[in-house]
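Asks: Pasting a predicted model and its sequence here:
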Amino acid sequence: MTEPRSSREKLLDLASRVFAEEGYAAASVRDIASRTDLTSGAIYGNFGSKANLLLAAIDAHIAEELVQEPPEGISRIADVLADLYGRYPERRQLRALLVEGATAGRSDPEVRDRLAADQSQRIALWVDIYRTWQERGEIAADVDLNAALTLLWATELGLGVLEAMGVPLPDGEQLGDVVRRQVEGLAPD
């Protein structure tokens, strides 16, 4: 049995949808509040600002969609990443939120700085996690994990930019296969 969702979780889901579908600049806290049983004041009381609401929505999606254990039965790094990128269509809302965050950060230094810090910290966390695969010999010892993981994350973010432009993207299986081949190329000879 699943636990009932908190008001905060429901609000983050709604804000995520509004920001991703309508755009961060076009959405107001008053508009989001009007779609709930909350007041604008209650939202500001919980998040402090519209920017903090956006950043919390991004964090919630990343935690839910990316920071997880490898799927059952998959242990090779190339297969884990192929599976992750193969399921990239499921993360469309996350990518839209990140594009909105990057756009907002162009004019709001606080958003830019928080996103930069959060994303740098996330990449550092991934480096620590992926170091295990490097130590097992699946990634050559001379591969800079920070560079490799930054490139993989940039690929995900780039998909969000292309989606925002309306560019048709390959299906998940095709993209997963390409990522698998790239990662296999990082293995020692």
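Replies: Ah, there it is. Here the structure is a predicted model, which is why all the values come from computation and not from measurement. Numbers count the residues shown, from 1 in each chain.
Asks: For the rest of this, base every contact and every neighbour count on C-alpha atoms.
Replies: Fine.
Asks: Let me see the contact set for residue 105.
Replies: Residue 105 makes contacts with 111, 112, 113, 115, as judged by Cα atoms under 8 Å, 6 or more residues apart in numbering.
Asks: so where do the strands sit in the chain?
Replies: Ranges of strands in the chain, per DSSP state E: none exist.
Asks: Read off the pLDDT value for the residue positioned nearest the centre of it.
Replies: The centre of the chain sits closest to residue 62, judged by Cα atoms, centre = their mean, with a distance of 4.2 Å. Here the pLDDT value assigned to residue 62 is 89.
Asks: check contacts around the closest residue to residue 131 other than its chain neighbours.
Replies: Leaving aside its sequence neighbours, residue 131 sits nearest to residue 145 (Cα to Cα, 6 or more residues apart in numbering; 7.4 Å). Applying Cα under 8 Å, 6+ apart, one finds that residue 145 lies in contact with 127, 130, 131.
Asks: can you put these in JSON lines and add pLDDT and neighbour count?
Replies: What follows is the contacts of residue 145, written out as JSON lines (pLDDT from 0 to 100; neighbours: other Cα atoms under 10 Å):
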{"residue": "127", "pLDDT": "93", "neighbour count": "19"}
{"residue": "130", "pLDDT": "88", "neighbour count": "18"}
{"residue": "131", "pLDDT": "91", "neighbour count": "16"}
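Asks: for these, which one is nearest residue 155?
Replies: Lowest distance from residue 155 to the contacts of residue 145 (Cα to Cα) belongs to residue 127, with 16.4 Å.
Asks: Identify the residues contacting residue 129.
Replies: Contacts for residue 129 (Cα under 8 Å, 6+ apart) come out as none.
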